[in-house]
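> sharing a sequence plus its predicted fold:
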Amino acid sequence: VQLQASGGGLVQPGGSLRLSCAASGFTLNSRAIGWFRQAPGKEREYISLLGFDGSTYYADSGKGRFTISRDNAKNTVYLQMNNVRPEDTAVYFCARYNGGVYSIPRSYTHWGQGTQVTVSS
């Protein structure tokens, strides 16, 4: 079982970026997947959760700007980030939800390696 995040990069404030989380070893539509981020010197922060049934949940930080989705054929979860801000700069991780409080990292397993997002002009 493995998750691999990709798609990060340098983007200007107000721009858009789409992150991908490719899964192997299991099918994404059987498990919930979450996105987190971690800025230097800060704790890992919950961003969004996609339930196995397609339900979506967002932290206030991304509500209205981020959209989580899934492509079952590609076994990939996406995080579309619009109108990004400098404070969105962080390493973004995807992980498989394992039950419990969905906004805390210890409720997740099989963390991907992370992808760096830098928002700067």
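Everything's here; your move.
> wait, Gly15 sits on Val84?
Yes: using C-beta atoms under 8 Å, Gly15 is in contact with Val84, at 5.7 Å. Every residue, glycine included, has its C-beta placed from N, CA and C.
> tell me the centre residue of the protein?
The residue lying closest to the centre of the chain (C-alpha atoms, centre = their mean) is Trp35, at 2.6 Å.
> for the chain, which residues score under the pLDDT cut-off?
In the prediction, the chain carries no residues with pLDDT under 70.
> tell me where it has strands.
With DSSP state E, the ranges of strands along the chain come out as 2-6, 9-11, 17-24, 33-38, 45-50, 56-58, 66-71, 76-81, 90-97, 108-109, 115-119.
> which other helices and strands contact the last one?
The criterion is 3 or more C-beta pairs under 8 Å, 6 or more residues apart in numbering; DSSP states H and E, and the helices and strands that strand 115-119 contacts are strand 9-11, strand 17-24, strand 90-97.
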